[in-house]
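In: structure of the sequence below:
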Amino acid sequence: MIAATNRDLARAVREGRFRGDLFFRLQVFPIAVPPLRERTEDIPLLLWHFVRRFSAEMGKGIRHVPRETMKTLQQYPWPGNVRELKTILEQAFIMAAGETLHVTMPSHSFPTGAPLVRTLQDAERDHILGALKRAGWRIKGKGGAAGELGLKP
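Out: Numbers count the residues shown, from 1 in each chain. All right, here's what the predicted structure looks like:
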């Protein structure tokens, strides 16, 4: 059996919101995969995977993705993870004419319905990690994360 969730089941067990016996049965071989927003370096690889797949399915010859498009994709928070990326790229493919893929991002950050609840500490951590990634892990100096964040190194 393979089971997937975006919930912290260990905490849910401690809080009495998930059955402990079921949790331990699911814990035989856990694989933790961080959300797409924490592994933006995977976005170009995933994008080109979907480009090849949709090219074959739709008979379109996409060969170029503008840098600005790639940057936009890497800065988006991806609440729907890889499924959302796939859907957005599929929509772009359907509308594509020519060899360049232009992507239109959703006008809202999160789908309607239950909002993604995060702690302030999680948001702050993600913000700092994002700044570090954009700065190539440089902390101080020109283009460093500290300057972008308005902090002293």
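In: same for the lowest-mean-pLDDT helix or strand in the chain, what does it pack against?
Out: Across the helices and strands of the chain, mean pLDDT, DSSP states H and E gives its lowest value to helix 120-134, namely a mean of 84. Other elements packing on helix 120-134 under the criterion 3 or more C-beta pairs under 8 Å, 6 or more residues apart in numbering; DSSP states H and E are helix 145-149. (C-beta placed from N, C-alpha, C; glycine too.)
In: before we move on, back to that, contacts for the least confident helix or strand of the chain next, please.
Out: The contact list for helix 120-134, computed with C-beta atoms under 8 Å, 6 or more residues apart in numbering, reads 37, 38, 40, 41, 75, 118, 139, 145, 148, 149.
In: which of these sit farthest apart?
Out: Checking the contacts of helix 120-134 against each other with C-beta to C-beta, the farthest-apart pair comes out as 118 and 139, at 24.4 Å.
In: centre-most residue in this protein?
Out: When the chain is reduced to its mean C-alpha position, the nearest residue by C-alpha atoms, centre = their mean turns out to be residue 36, at 2.5 Å.
In: what sits against residue 146?
Out: With contacts taken as C-beta under 8 Å, 6+ apart, residue 146 has the following neighbours: 139, 140, 152, 153.
In: list the contacts for the residue nearest to the last one when sequence neighbours are not counted?
Out: In this case it means residue 153. Counting by C-beta to C-beta, 6 or more residues apart in numbering, the nearest residue to residue 153 once its immediate chain neighbours are dropped is residue 140, at 3.5 Å. Applying C-beta under 8 Å, 6+ apart, we find residue 140 in contact with 146, 147, 153.
In: any idea how far the first one is from residue 38?
Out: Computed as C-beta to C-beta, to the nearest Å, the residue 146 to residue 38 distance reads 21 Å.
In: walk me through the domains of this structure.
Out: Dividing the chain into domains by automatic domain parsing, as the record does, gives the ranges 1-32, 36-108, 117-153.
In: among those, which is the most enclosed?
Out: Stretch with highest mean neighbour count among these: domain 36-108 (a mean of 15; mean count of other C-beta atoms under 10 Å).
In: how distant is that one from the center of its chain?
Out: Averaging C-alpha coordinates over domain 36-108 and over its chain gives two centres that are 12 Å apart (C-alpha atoms, centre = their mean, to the nearest Å).
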